[in-house]
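*Asks:* this one's structure only:
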């Protein structure tokens, strides 16, 4: 896909928040004031920026042998453009006060773990979103050995009233306002639990903590986006802000949507950050989502024998109608440079942790001018810097999206209902159970995509899920992706390789034409939902032209490309896939869940 744009956001020098070390602040935000979450509320032009804060009272010894940090939920109120801080509240709006001192060494840790195993000791990574008149906060809370994803809410009207009461206290010494703050923010019942079984917990059974947000789609249902590490999955939850158990009591998890990309920057893990916001690409309603992608040099460099990670932001575009991912940037939208370097690469927290090289953790975005959210309107994104401070960057969607991607997203809406003649109805069943499940690959003719279907039959129940592999705006397969039954084979150091044909439709004064090229998918060898590689250009640059808009014709070429698949996959991709299999730096949580469900773990 040819592109001449820079495809980068523009950093704004300076900081929105930094740690405050003065009396009254250093105890709870003297170490970090970072990892933002941001939104506007109906009828209020101000921008509310929440952040994860930690101070001198929040250190404790962890089971890894290093110092860990608890956090509080701080709040800053920015001006109507989100550029300047009007007020920074002197105390957190959500906190955890300990009845017993946290452990500071191994002996204290072991005693604490024995006596207080199920006591909540940490809060972490807060995310706000609004829905149906309520403000929701999704966050992590941790026991000494385990972490959980939680959700609470209050009415937007109630939140604004509490903000107003808090601002009235700003001129008073912090030591004098604790009782009033307790009444406003901290007393029981201020935040309403809205998780499973009227609890705060989002998952219906124990699960690894994830990065979670909920989006309301065009059909007025919620879709949960979450991260069974190292990938991003989706689960339709109706109107519930939690998951329900499957028949065996294990939480539902959904299916994968976006995966790590060996051979690219985001080769280690990816995740959701702040809640996406609505935008327009032409007349197409979308959500824009700034995620984090993590590069681990241990995967790309055989001479590195331990984690060496860099966190940078990526752009995803999500279809408001369907919830599918229309675009995922191939490179980060911000790079490491001298701006913010004192925190991103040289900050206290990054310097202390040997496995971190640099951290820019996007935490949500807003329209610079409320209601202006088109291709040429300005947006601000807020970035957690080195797990310590917060910066701001600006972008226009037109500057971050390749022109052909924009054109294809607009055309996609118009072509959604087009039916093609003589479609391929291929289906291929995997020859063996993987993770204890049965798997099938099928062409979805109506969706012009490939579906990977998993099925589990156990104890009289049958359950399953569909992982969609859609066409990709901007690529040679922008209007359809199809495979044939004889075009799948297993390659030991890669996984399941699928040769497919991609179609691209174009129209001009001479009529409609279809351009057909072939590409490869590489699916994880034990969990085919995980796509480890997908062609972005037709193999060998070969494209055939056909008259009219079709699904292409099966002429045997895909099988020939499959036979020589190893030659068509970049060496760097092949190396990193093999390296991931060898060292397993971050085993897939979905793969573990599949094995747990089937009893093969």
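*Replies:* Nice, I can see it. Predicted, not measured: the structure shown is a model, and the values here were computed from it.
*Asks:* mind showing which ranges of the stretch 1-150 of the chain have poor pLDDT?
*Replies:* 1-4, 63-68 (pLDDT under 70).
*Asks:* now do 50
*Replies:* For the stretch 1-150 of the chain, the stretches with pLDDT under 50 are 1-2.
*Asks:* that one: helices as residue ranges?
*Replies:* In the stretch 1-150 of the chain, the segments counted as helices under DSSP state H, counting those that start in this stretch are 26-29, 106-115.
*Asks:* which residues touch the first one?
*Replies:* Put plainly, it is helix 26-29. Helix 26-29 has contacts (CB atoms under 8 Å, 6 or more residues apart in numbering) with 19-20, 53-58, 72, 74, 91-92, 95. Quick note: C-beta positions are derived from backbone N, CA and C, even for glycine.
*Asks:* TSV for the helices of the stretch 1-150 of the chain, including mean neighbour count and distance to residue 386?
*Replies:* Listed next are the helices of the stretch 1-150 of the chain as TSV, based on neighbours: other CB atoms under 10 Å; distance: least, CB to CB, whole Å:
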stretch	mean neighbour count	distance to residue 386
helix 26-29	21	15
helix 106-115	13	26
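*Asks:* any idea which of these gets closest to residue 556?
*Replies:* Residue 556 lies closest to helix 106-115 among the helices of the stretch 1-150 of the chain, at 62.3 Å (CB to CB).
*Asks:* which elements pack onto that closest one?
*Replies:* Under the contact definition 3 or more CB pairs under 8 Å, 6 or more residues apart in numbering; DSSP states H and E, helix 106-115 sits against strand 59-61.
*Asks:* please enumerate residues in contact with the strand it packs on?
*Replies:* Here strand 59-61 makes contact (CB under 8 Å, 6+ apart) with 31, 67-70, 102-106, 108-109, 121.
*Asks:* what about the closest residue to residue 492 other than its chain neighbours, how many residues nearby?
*Replies:* Using CB to CB, 6 or more residues apart in numbering and skipping residues adjacent in sequence, the residue nearest residue 492 is residue 525, 7.8 Å away. Using other CB atoms under 10 Å, residue 525 has 18 neighbouring residues.
*Asks:* hang on, isn't residue 525 packed against residue 532?
*Replies:* No. Taking CB atoms under 8 Å as the definition, residue 525 is not a contact partner of residue 532, at 9.1 Å.
*Asks:* would residue 398 count as being in a helix?
*Replies:* Yes. Counting by DSSP: H, G, I helix; E, B strand; the rest coil, residue 398 is located in a helix.
*Asks:* that one: neighbour count?
*Replies:* Neighbours around residue 398, by other CB under 10 Å: 14.
*Asks:* and it, how far from residue 534?
*Replies:* Distance from residue 398 to residue 534, counting by CB to CB, to the nearest Å: 25 Å.
*Asks:* same deal with residue 461?
*Replies:* For residue 461, the distance to residue 534 - CB to CB - is 33 Å.
*Asks:* circling back: from the contacts of strand 59-61, which single one is nearest residue 11?
*Replies:* Out of the contacts of strand 59-61, the member with the shortest distance to residue 11 (by CB to CB) is residue 31, at 23.6 Å.
*Asks:* what sits against that closest one?
*Replies:* Applying CB under 8 Å, 6+ apart to residue 31 gives the contacts 19, 54-56, 58-59, 69, 348-349, 388.
*Asks:* can you do 6 Å?
*Replies:* Neighbouring residues of residue 31 by CB atoms under 6 Å, 6 or more residues apart in numbering: 19, 54-55.
*Asks:* wouldn't residue 236 be in contact with residue 223 here?
*Replies:* Yes. Contact criterion CB atoms under 6 Å: residue 236 and residue 223 qualify, at 5.4 Å.
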